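Q: using only what follows, build the 3D model:
(3 chains)
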Amino acid sequence: MGAAKLLRFLAARSVKAVIVVLAIVVFQFVLIRLAPGDPASVIAGQSGAADPLFMQQLREQFGLDRPMHEQLLIYLRDMATLDLGFSHRQQQPVARLILERLPATLLLTGTAFLLAITGGVALGVMAARRVGRPADSAITVLALTFYATPIFWVGLILVLIFSVWLEWLPSFGMFTVGAELSGWAHALDVGKHLILPSLTLGLFFLAIYARLARASMLEVADQDFVRTARAKGVPEGRIVRAHVLRNALLPVITFAGIQAGQLVGGSILVETVFAWPGIGRLAFDALLARDYATLLGVFFCTAVMVVVFNLITDLLYAVVDPRVEVA
Amino acid sequence: MMTEARKAATSALGRRTLLAASAAAPALMTLGEARAQGVAPRRGGVLNTIITPEPPVLILGVNNQGPTLIVASKIYQGLLTVTPSLDPAPDLAKSWTRSDDGLTYTFALQEGVKWHDGRDFTSEDVIFSIMKFHMEVNPRARAILQRIDKAEAPDAHTVRFTLKAPFEPFLLIFDVTACAMVPKHIYDGTDFRNNPANATPIGTGPFKFAEWQRGNFIRMVRNEQYWKPNQPYLDGITWRIVPDSQSRALALQTGQVQMTTSNDIEPFDVPRFQQQPNLTVALNGWEYFSPLSWIEINNRLDNLKDPRFRRAMAHAVDRNFIAQRLWFGVGKPATGPIASTTRFHDPSVQMPAFNPREANAILDGMGLRPNAQGVRASIKLMQIPYGEVWNRLSEYLRQAMRQVGIEVTLESTDVAGWVRRLAAWEFETTINFVYQWGDPTLGVERTYVTSNIQKVAFTNTAGYSNPEVDRLFEAARNAAQAEERRRLFSEAQKKIVEDMPLVWLMELAFPTIHDKRLNNVIRTGTGVHASFDDVFLSA
Amino acid sequence: MSFWRRFARNLGAMVGLAILALVALMAVLAPVLFPFSPWEMRGIPFMPPGEAGFLLGSDSLGRDVAAGIAHGALVSFLVGGVSTVAALLLGVTLGALAGYAGGWVDDAIMRFTEFFQTIPSFVLAVVLVAIFTPSIASIVVSIAIVSWPPVTRVVRAEFLSLRSREFVQAAEVLGRGRIAIMVTEILPNALSPIIVLASLMVATAILLESSLSFLGLGDPNLMSWGFMIGSGRSVIRIAWWMSVFPGIAIFLTVLALNLVGEGLNDALNPRLARRRGIVVT
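A: All right, here's what the predicted structure looks like:
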């Protein structure tokens, strides 16, 4: 693929991506304002005291006394300068709140994703190569099991087994507070805390990728060019590597692209169970607190992540399958 | 700028006065008491504990949510605190006097007190905190502070307030949870709510704010310049934010944290921790707040506006069941509108007892006959969104009401939705609980008087109105003598129980569960809202 | 080979069908087996399974877990079924329009669909339920709103490939109305992937409902499995049975629906649709 062509493709896709992100922000902006109550009522509710003056002061402070279209325009204007606004509730710029918690979520979803994609594809390939045999059935059943189990329930059961009964792994948090570790000791500590949450989140997606990989492996294995290779006496291992796997990965990649956003959704549940300090939980708390700016900021971030991920998927597609032109 | 020598001199002076002051105040004689018990305070150690939910900001007054109060009360201090029997005790004020006409209060401040940024704490800070800061941002304090006619600072360590009229419970507003002292040099002339300094609270308390990783932990360290010699004993406190209740219980059980407070541990877990030999479960320390829960009834609606119907509802509820089965003995059944730990509670006034037969008889008498399904009337109950046990409570109430033929449909909300509907009177019934702040004038009156029927949450949103009750509360508010007030409040309690505008359920208590090695945790009527300057970890 | 014989040859599908039949039977027989409200506080709280007459134990208020699971089956099916039907109505309509009309209509609908797919579906469902306040209606509507995009994509693809086939063109030549052609000619031929998709969507809807309940966004008046796990999760260490059994119920039902879905897929599309078998909303 020529560099110029690639550049043109990227430019076109970027314009589209910006439009999509903008539309999502406007949509969510309107949507969350439909929720009953506002940040002032949450603060009143949690303080257990209020008077009309207090409520009015809060609403003025939050800029809620202006008409909604004006608030939207102000928000969009700020967005144009990449200013995600200020969380009055947390007394922090939204960008800072998100940047503080984004690494945790990226670590969690990234690890889960790697686990899911490598484990899933490996299992799928293994099953496909032994189709109809016990190993295939075992893998299929395993994948179905993870797929059919509520994600938070898996988390609870894992905690029950590995934290409560066996006492092997910590059940919550991202690292041991107060331990003041640094360097490798810190990384090891985080790693220990990461195991259960990423496993919980990863297993569900692992199941999906395994089934997907198996199905598409089988499908590709039936196709003419594979048969030809086999007839030519190419060793089976090489056929799998050179022909089948490469093509079978396509649907997995497509799907992973579409699913990027779902990982964030799942991380709300996992972050709740494991008290993982990420943006999924930040978003949920912001929703309950009607912390509009923070919530919109998180939506913006996930939308950008999804769009970027889809872009990467498209590029990867072109790499894996030379027949596909980036159009 | 003070010279080093002068600094040393003033601090030595401060220390001497202080020791004298603390010897004169039995409530704070922690060192002596501990020594008498053979448990001398030990320096050192960091207290790991939990805070849920995460406070939005740690500036008292700007934010007065429960978790904020617990955390920030280690950084800030008030002029006074309260004993478990709700008498005032010294804090930043070492002594105080009240004039005979009950109009003038004079406070003598501790000397040698410094803000965390090194500046001196003086009477100017007190006047600013009370007359400007809390008057503007703190709705609860404002209602009382408006009674102040004149605030003066004759010298750097004396403050005098003159009231417009006598106000007997005046001293109860000076606890840190109601009126914390904030630094004038940081806030004067600024927008209090949006002051950039709100990110780094500066107080006079035994612990200094150090670090806050949102969604993770708040860390505070020992204030080396604290005005009580050798105190605090702890090196610091780390508050971990753990949103999941089971994770919190696990952290406590495994010793990752040494203390939990307020709602951290769900009631059903409490019996388990009572069995654990290395932990202490304390249920006291909430006397100042005395949260009372009730079924809030919209007194404007059909059926619900009939006192007989409300009385029948009261008869249908087994408050002992609620206390034992839902709260597992944490807290006790309510008896009426004033909690037993609040001043002027009258034990002779008792609300209707659990008696479904009586409830049925009353409803029959109203002509509400059961239909084929046994349903006499249908009402909606808006759930209060404060966690598991409250959901179980509404599920219990639905079953209990069904027993007497009242069909209850539950409505689910979140905090914002609940407050909005409560404030807009858009509910039939809901569950509510409110702090009583030690005195009926401060925390009970607001729920029952006609003048406080407002479209704001935690006012008289039920819409109850009885001129006689209004008169009694007003007279009690203005009466200068405690005995006169007691008489008036007894009268008011009787009248309110006759009308049953609400169905009181529980005098709530929140368990403070801590490692047995942690000493002096609960010593005041505000419990874990104390400064913790005397808390220590024994070896 | 007939559809049924192909289906019956699939062991997994038959097992799934058997489980589903059992669950359905339980839902129907619940009022007979447990002739009382699942909310009734019948005994001592926290009784382990098998004790004090509680087959699967009692919960924190002394309610019968077994009764809850039996009565909850209907609710789970209801939530799964109704929200799937709603999502299908929306998704099939849009997909058929896009696929049949083509051109700018297709473009507009597909942009709209992509837009919805860019928003994480669970996040959107949470926001929607919070806005409408949790009730059975708002939960069903929210699940439907987040589940229709895959339907649209699948149906559009089917319509795209079917509309150029002879029988459609014949009908067009005969002058039949466009809507009539879409409904009576194309749709029946596009049904098999829709059916497969539907069975999987019911499963996903049940999972979604339980996740919402877990976050405290369930309907407080309905004893659903999701609600039971939600209320049991905080006591999992003292009463594991409260969340484990409803979890198993969800697992078995979702598993069964998936097995049946795969069986349907294989039976309806013996050659083609292996990879379409996995559609996660």
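Q: I figured C:Ala239 was touching C:Gly57, is that so?
A: Yes. Assessed by C-beta atoms under 8 Å, C:Ala239 is found in contact with C:Gly57 at 6.8 Å. Using the backbone N, CA and C atoms, a C-beta is placed for each residue, glycine as well.
Q: hey, what's in contact with both of these two?
A: The contact sets of C:Ala239 and C:Gly57 overlap at C:Phe46, C:Pro48 (C-beta atoms under 8 Å, 6 or more residues apart in numbering or on different chains).
Q: for the stretch 151-300 of chain A, which residue gets nearest to chain C?
A: Closest to chain C within the stretch 151-300 of chain A is A:Gly265: 3.1 Å, counting by C-beta to the nearest C-beta.
Q: what about A:His243, how many neighbours?
A: 19 (other C-beta atoms under 10 Å in any protein chain shown).
Q: ok, now which ones touch it?
A: Contacts of A:His243 by C-beta under 8 Å, 6+ apart are A:Val220, A:Phe225, A:Val226, A:Ala229.
Q: now do B:Pro166
A: The contact partners of B:Pro166, by C-beta under 8 Å, 6+ apart, come to B:Asp101, B:Gly102, B:Leu103, B:Asn478, B:Ala479, B:Ala480.
Q: which of those residues sits closest to B:Ala539?
A: B:Gly102 (49.3 Å; C-beta to C-beta).
Q: got the residues of the stretch 251-400 of chain B near chain C?
A: Contacts of the stretch 251-400 of chain B with chain C, taken as C-beta under 8 Å from any C-beta of the partner chain, map to B:266, B:268-269, B:272, B:325-326, B:383, B:385, B:388, B:391-392, B:394-396, B:398-399.
Q: rerun at 6 Å
A: Contact residues (C-beta under 6 Å from any C-beta of the partner chain) of the stretch 251-400 of chain B with chain C: B:Glu266, B:Phe268, B:Gln383, B:Glu388, B:Arg392, B:Gln399.
Q: let's see if you can find the most crowded of those.
A: Compared across those, B:Phe268 has the highest neighbour count, 24 neighbours, by other C-beta under 10 Å.
Q: how much space between that residue and chain A?
A: Computed as C-beta to the nearest C-beta, to the nearest Å, the B:Phe268 to chain A distance reads 16 Å.
Q: below-threshold pLDDT in chain A: ranges please.
A: In the predicted model of chain A, residues A:1-3, A:48-50, A:176-180, A:242, A:258, A:317-327 satisfy pLDDT under 70.
Q: how about 50 then?
A: A:324-327 (pLDDT under 50).
Q: B:Phe532 belongs to a helix?
A: No. B:Phe532: not assigned to a helix; according to DSSP: H, G, I helix; E, B strand; the rest coil it is coil.
Q: next, give phi and psi for it.
A: With angles defined as degrees, to the nearest 10, B:Phe532 sits at phi 70, psi 20.
Q: that older thread, can you pick the most crowded of the contacts of A:His243?
A: Counting neighbours by other C-beta under 10 Å, A:Val220 leads the contacts of A:His243 with 22 neighbours.
Q: next up, the contacts around that one.
A: A:Val244, A:Asn247, A:Ala248 (C-beta atoms under 6 Å, 6 or more residues apart in numbering or on different chains).
Q: Throw the residues you listed into a markdown table and include neighbour count, secondary structure and distance to A:Ala286, thanks.
A: What follows is these, written out as a markdown table (neighbours: other C-beta atoms under 10 Å in any protein chain shown; DSSP: H, G, I helix; E, B strand; the rest coil; distance: C-beta to C-beta, whole Å):
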| residue | neighbour count | secondary structure | distance to A:Ala286 |
| --- | --- | --- | --- |
| A:Val244 | 25 | helix | 46 |
| A:Asn247 | 19 | helix | 43 |
| A:Ala248 | 26 | helix | 41 |
